Structure formats: structure tokens, C-alpha cells
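> sequence first, then the predicted structure:
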Amino acid sequence: MTTLTRRLLGGIALTAIAAPALAQAWPTRPIRIVVPFPPGGSTDLLARRLAERMTASLGQTVLVENRPGAGGTTGADMVAKSAPDGHTLLMGVTGSNAIAASLFPNLPYDPVRDFAPVSRLVSAPLVLVVNPSSPARDVAGYIAAARASASAPLTYATPGNGTSMHLTGEMFAQRAGVPLTHVPYRGSAQATTDLIAGLVYSSFADVLVTLPHIQSGAVRALAVTSPERHPLLPNVPTMAEAGLPGFEATSWQGLFAPANTPAPVLARLHAEVAAALAQPEIRDPFAAQGFIVAASTPGEFAALVRDEVTKWRDVVRAGNVTLN
């Protein structure tokens, strides 16, 4: 055996020994989960429940740090530039880690290259709803109404420019080949109020926000944007069932580490996340709010992010969408 061969084999052996040792040594200090939004929202609440569980299981403090700003990109940029040692993590969402790549021309990070996905945590479809005075009782009727009023396009309300609701409406218009007018609001509350009042024709909205109004009859649900029917709306078809095959738009939240975080640390992080989401006290409250709670593998999550970046980039370019 040559000296070079001995050195190579020795290096391989050391690596094999070092990998599990590294996972066992981590964490060596408190962990931060950065939430790129203010306290109080679903992303913040999920991060805090996850932090509580990980603190108990890891024997090391896991803190939540809110870094809001610029649609979630301020906090995401901070994590992208943090040391890749598993002690600074991001609760990323569709906006900050997929849509932003197309809407912010000077985005200071790359959602694919600058992060190591750990796991998707929760996801939720949107639901197309109309005021009950609308003659549209299904997606086909909605498309027919949109074509009939092309000179004065139907309106759809969303919580704001650049949101997943905004781009889902844009994607619907592109796929269905109909004109729609986007009406952005400052949040979901006023958008829903005006939809119920008949001031806007329709909305692409969160299931959680609209579920009580669907149940009361204040709005009519036409379709959900997930591949499968939603468990809280079992009688509402998917967009594919309603005549738009392949139409899918979900809002998701997931855990990211900075790129180049060691694989053993990522593997242990993923195991912690999967174990946390399996606990009823974490899973059930979010499922009751309309979220699909399920861990994904890092590879599955990475593939999702790549696909989402491409999908929303194509929608933004085709619709010439801007934040203005």
C-alpha cells in the first residue's frame, strides 16, 4: 500500500468518525430561530412552539428572534449571512424564500444557493371565494363571468402587492386566459370585509381567514389551490377538479439553515423537527387552523424551493408584476 493510499484511507476514516461526533457535539451554545415577521402571526407562533420542543430535547436554549422588514427579506438576509454552524436558523416562507427572488431586483441573497433547507413544516392552500351575490357558482362560472366582463375586468382582493394571494390571482388569470383586476389591501381583514360588502368581486384568500365566512354563507367558496381537497373544506373542489389541471399554489413555512451547514448538523436538525411535528400538542392546533402539518426531507424541501422559485418567476415575468 502506497503512502498516498494510506493517507487517503486515513482521511476517509477520520471523516467517518468526525461526522457523527460533530452531530453529537452540536449545539454548543444557544440557537436562534429568526422569524422575519413581527410577533403574533402564525410563523412566529410555530417558531415558538418548535423552540420550546427543541429546548427540551436538545438541552440547549432555543430562542426566537423577530427580524421583520421588506416582506420577510430582512430576516432572511441576516440568516443567509450567518455562520453555517447550525446555531442560526430561519423560519422561511413562500414570500421570502421563493417569490422574493422575482420581485426584488436587488435581493441581497439567493433563495436557492444561500440556504440549506431543513424541512417544510406546514403548508396551506388558498381558496377562491366570491360574494354570494355573484352568479358564479363554480370556477367555470367564474371564468365565464370574467370573459363576459372583459371591458371591466372582475376584481380580486388580496392582503397586498407581491403576496402569494396576489400572484396566485395572476397565475389564475394567465392559466384561464381571462382579465382580472388586482385590488391590494393592507392586510386580510379589510380585504375580507370589502368582499363581504360586495365592494370587490372575489378574493384569493387563506383558508383560515375565510373559513368562518364560508361556513356562515357570507362568501361562496369555488375552489382550493392545493392538489387535494382541504380537510376543512371537503365539499370544495380543487382547481384541477374544477377545470384547471396542474394548477397549484400553496403557502408554506419551513426551517432553513445557512448554506454550507455541515450535513450531520442538518440531519440532526431534521430529526428534531420531525419529532416535534409528530407531537399532538404542536400538530393539532395548527391542523385545526387549516394548515397541513408534515415534515419533509431536506432533499424534498430543496426541490420544492427550486420549483417554487421557477414557477413564481414565470408568473411574474408573464404578468409583468411589480411591487408598485
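That came in fine, so what should we check first?

> now do the helices in the chain.
Applying DSSP state H to the chain gives helices spanning 3-25, 42-58, 73-80, 94, 100-103, 139-148, 164-176, 188-197, 207-216, 263-277, 280-288, 298-319.

> so which of those helices gets nearest Ala223?
Evaluated with Cβ to Cβ, the helices of the chain place helix 139-148 nearest to Ala223, the distance being 5.1 Å. Every residue, glycine included, has its C-beta placed from N, CA and C.

> what angle sits between that closest one and helix 164-176?
80 degrees (axes from the mean of the first three to the mean of the last three Cα atoms, to 10 degrees).

> using CSV, write out every CA atom in stretch 250-265.
Taking only C-alpha atoms (Å, rounded to 0.1, in the frame of the first residue of the first chain), the coordinates of stretch 250-265 have been written out as CSV:
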residue,chain,number,x,y,z
THR,A,250,-49.8,26.8,-1.5
SER,A,251,-48.3,29.0,1.1
TRP,A,252,-45.7,27.1,3.1
GLN,A,253,-43.4,27.7,6.1
GLY,A,254,-40.2,25.8,6.7
LEU,A,255,-36.9,25.8,8.5
PHE,A,256,-33.7,26.8,6.8
ALA,A,257,-30.0,27.0,7.9
PRO,A,258,-27.3,29.0,6.1
ALA,A,259,-25.7,27.3,3.1
ASN,A,260,-22.7,25.0,3.9
THR,A,261,-24.1,24.0,7.3
PRO,A,262,-22.5,20.5,7.9
ALA,A,263,-24.6,17.6,6.8
PRO,A,264,-24.6,15.9,10.2
VAL,A,265,-26.0,19.0,11.9
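
> one step back: could the helices of the chain go into JSON lines alongside distance to Phe256?
Putting the helices of the chain into JSON lines (distance: least, Cβ to Cβ, whole Å) gives the following:
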{"stretch": "helix 3-25", "distance to Phe256": "18"}
{"stretch": "helix 42-58", "distance to Phe256": "12"}
{"stretch": "helix 73-80", "distance to Phe256": "7"}
{"stretch": "helix 94", "distance to Phe256": "13"}
{"stretch": "helix 100-103", "distance to Phe256": "13"}
{"stretch": "helix 139-148", "distance to Phe256": "34"}
{"stretch": "helix 164-176", "distance to Phe256": "18"}
{"stretch": "helix 188-197", "distance to Phe256": "25"}
{"stretch": "helix 207-216", "distance to Phe256": "23"}
{"stretch": "helix 263-277", "distance to Phe256": "10"}
{"stretch": "helix 280-288", "distance to Phe256": "19"}
{"stretch": "helix 298-319", "distance to Phe256": "9"}
